[in-house]
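> Sequence unavailable; structure follows:
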Ligand code: ADP
Ligand code: MG
């Protein structure tokens, strides 16, 4: 595994030192309050550990897309209260990220105190990864901790630039994420299965292309399966499918065969004439029996059973994308059933399971198994780029 430094590589007593800590505080807001504080909970261990070891902390984060200008509606001060509530500590808001205002604040903060810098994206130097901007931020810190994997696919000053000026460490959340991802695709125990589902092939072409070379079993579900079935000449009726991607789908299946990867497409499916909860026209059909006025909205129970058997032969699973239109019952059935099988195998100790993706996380939570997977990543874009086999600049900078 590419090595990176963690908080264990810092002296036990950090009194007298200032830590610049990149965190993800891009919280979803509702009526002036965060509607979900999962991201704060994720960075809490790192923040409290550094504070309890005596460091002064300066938290660095982005909030929304201000595009290099100050907007009062995107100030990190708006999440100060939420952060304080989760940490159960008072923190000090600082309206800049570098310069004398930050320096003066450091004069007020005592060891173990926490300052929250304003939205780093208010300054154009952030997204431009301007070294002078990074240098100005770095001037107020003794070391840099990155605990925001979700922003690691961007080469910005606060995710990459700072590592050129300060000794750099992965925070606890970053460390856990990198270890889990390494165990799933970097150096996994074989056989490895990948589940790729969701609405469209076009959004996940690079993922599929990378995975066929990495895994022994590629399980395709969701709307993507319709595209693959159609490419094989199956009539998918009114289903969501990208018929213009038939050649691409066939090429991916050829590449898989060449690489020794078995592609699993469903042989039974759940169909309906209208997309609604528990529609009257609901039925289970063989993929070759879908009528012209029907839509495939989930993979079928026989397919799910066979896929469960595949998972039983595997040691590692990586999952992105639901197998059906899981928000609308009963089209959640396949996703819920296979997720529960994967969770049970994980709990028995025979499977290492890693999942990620916005809707995937919601689907696993809906199935009640999010905690039973080995690791569930909440980093949307960064997780997908990692599944595409790309080097993430924020991670590469820590391992340099
Ligand atoms: P993630 O956010 O986990 O990466 P995606 O955004 O790619 O996942 O896909 C999730 C969406 O795919 C869900 O909204 C789900 O309803 C939809 N979906 C899955 N299967 C089907 C299907 N057969 N027909 C239509 N939509 C589907
Ligand atoms: Mg999604």
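In hand now; what should we look at? From a predicted model like this one, the values you see are computed outputs, not experimental measurements. Ligands and ions are numbered 1, 2, ... in the order given.

> got a list of what residue 291 touches?
237, 271 (CB atoms under 8 Å, 6 or more residues apart in numbering). To be clear about C-beta, it is placed using only N, CA and C from the backbone, and glycine gets the same treatment.

> what about it, distance to residue 336?
26 Å (CB to CB, to the nearest Å).

> do residue 201 as well
23 Å.

> what does the stretch 51-200 of the chain put close to ligand 1?
Within reach of ligand 1 by CB under 6 Å from any ligand atom, the stretch 51-200 of the chain has these residues: 197, 198, 199.

> surely the first one meets residue 335?
Yes. Between residue 197 and residue 335 there is a contact at 7.5 Å, judged by CB atoms under 8 Å.

> overlap in contacts of these two?
221, 322, 323, 324.

> Tell me how many other residues crowd residue 343.
21 (other CB atoms under 10 Å).

> Now do the contacts for it.
If you count contacts by CB under 8 Å, 6+ apart, then residue 343 has 353, 367, 369, 372, 373 around it.

> hmm, try it at 6 Å
369, 372 (CB atoms under 6 Å, 6 or more residues apart in numbering).

> Could you say which helix or strand holds residue 177?
helix 172-181 (DSSP states H and E).

> contacts for that helix?
Contacts for helix 172-181 (CB under 6 Å, 6+ apart): 6, 42, 43, 45, 46, 146, 147, 149, 354, 375, 386.

> Partner strands of the helix or strand following that helix and their direction?
Later in the chain than helix 172-181, the nearest helix or strand by DSSP H and E is strand 192-196. Looking at strand 192-196 with DSSP bridges, its partner strands are strand 217-220 (parallel), strand 316-320 (parallel).

> what's the angle from the longest one to helix 172-181?
Translated: strand 316-320. In terms of direction (axes from the mean of the first three to the mean of the last three CA atoms, to 10 degrees), strand 316-320 departs from helix 172-181 by 110 degrees.

> Show the backbone phi and psi for the nearest residue to residue 317 once chain neighbours are set aside.
Once flanking residues are discounted, residue 317 sits nearest to residue 353: 4.4 Å by CB to CB, 6 or more residues apart in numbering. Note on residue 353: backbone dihedrals following degrees, to the nearest 10 are phi -120, psi 130.

> What segments of this protein are helices?
38-52, 80-87, 100-108, 124-127, 131-138, 172-181, 205-214, 222-231, 246-259, 301-312, 333-348, 358-367, 380-387, 393-399 (DSSP state H).

> Tell me the buried residues in the second one?
Think helix 80-87. Within helix 80-87, the residues that count as buried by 16 or more other CB atoms under 10 Å are 80, 82, 83, 86, 87.

> what about that helix, average pLDDT?
Across helix 80-87, pLDDT averages out at 98.

> Give the other helices and strands that that helix contacts.
Helix 80-87 is packed against helix 38-52, with contacts defined by 3 or more CB pairs under 6 Å, 6 or more residues apart in numbering; DSSP states H and E.

> Show me what the helix it packs on packs onto, helices and strands only.
helix 80-87, helix 172-181.

> Let me see the contact set for the residue of the stretch 151-300 of the chain at minimum distance from ligand 1.
In the stretch 151-300 of the chain, the residue that lies nearest ligand 1 is residue 198 (2.4 Å; CB to the nearest ligand atom). Residues near residue 198 by CB under 6 Å, 6+ apart: 222, 321.

> Give me the neighbour count for the nearest residue to residue 213 once chain neighbours are set aside.
Ranked by CB to CB, 6+ apart and with sequence neighbours excluded, the top spatial neighbour of residue 213 is residue 259, at 5.1 Å. Using other CB under 10 Å, residue 259 has 14 other residues around it.

> per-residue pLDDT, residue 259?
At residue 259, pLDDT is 97.

> Surely it touches residue 212?
Yes. Residue 259 lies in contact with residue 212 (CB atoms under 6 Å); the separation is 5.5 Å.

> how many neighbours does the residue of the stretch 301-400 of the chain found nearest ligand 1 have?
Nearest residue of the stretch 301-400 of the chain to ligand 1, counting by CB to the nearest ligand atom: residue 357, 2.6 Å away. Residues near residue 357, counting by other CB under 10 Å, number 27.

> And residue 282, by the same measure?
That count, for residue 282 with other CB under 10 Å as the rule, works out to 18.

> Next one, pLDDT for the closest residue to it other than its chain neighbours please.
Closest residue to residue 282 apart from its sequence neighbours, by CB to CB, 6+ apart: residue 272 at 4.9 Å. Confidence at residue 272, expressed as pLDDT, is 98.

> returning to what we had before: which of residue 201 and residue 336 has more neighbours?
Shown here are residue 201 and residue 336; by other CB under 10 Å, residue 201 has more neighbours (25 against 22).
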